[in-house]
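Q: this one's sequence-less:
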């Protein structure tokens, strides 16, 4: 069963890397076999002011069961990523982190590994994976399922 996923990331810095992860399902015969599908229409929001952005984020998160935080060099310090993590936790969504620093950008460059945003916010026990080292292309669906199971346990 596929789960609706919200991808959280530093838009300006990591959009190229995030797109590689978000579009990884296209290598599967269908979205169902990928184990997830993306609920975010990320190109529709630009700079609309804090209240508008938060409202957009809240709307995009509706109907999702897991938030995947794509962790780049500066992700942990981003205000909206922190907001998305906190909202996901409050709504008992599954949470995982995926390091994307080793993915190449449009110019062929990788980044330095960023801080764990969950630790920065005081959350413990949120699993983080490395897209390259942990074979995210083939494992993201399983990571999403595991995050959802942990969230369900947290509810009880």
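A: Thanks, I have it. Small disclaimer: the values here were computed from a predicted structure and weren't measured.
Q: rest of the way, CA atoms for contacts and neighbours
A: Noted.
Q: give me the low-pLDDT residue ranges for this protein?
A: Along the chain, segments meeting pLDDT under 70 span 1-2, 25-48, 156.
Q: what residues of the longest helix seen in the chain count as buried?
A: Criterion DSSP state H: the longest helix present in the chain is helix 136-155. For helix 136-155, a neighbour-count test (16 or more other Cα atoms under 10 Å) marks 136-138, 140-141, 143-148, 150-151 as buried.
Q: helices along this protein, start to end?
A: 11-22, 31-34, 50-61, 79-90, 117-120, 136-155.
Q: now the buried residues of helix 136-155 as a markdown table including distance to residue 10?
A: Converted to a markdown table, these look like this (distance: Cα to Cα, whole Å):
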| residue | distance to residue 10 |
| --- | --- |
| 136 | 19 |
| 137 | 20 |
| 138 | 23 |
| 140 | 19 |
| 141 | 22 |
| 143 | 21 |
| 144 | 20 |
| 145 | 24 |
| 146 | 24 |
| 147 | 21 |
| 148 | 23 |
| 150 | 25 |
| 151 | 24 |
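Q: thinking again about what came up before, angle of the longest helix of the chain against helix 79-90?
A: Helix 136-155 runs at 50 degrees relative to helix 79-90, counting by axes from the mean of the first three to the mean of the last three Cα atoms, to 10 degrees.
Q: between helix 136-155 and helix 11-22, how many degrees?
A: 100 degrees.
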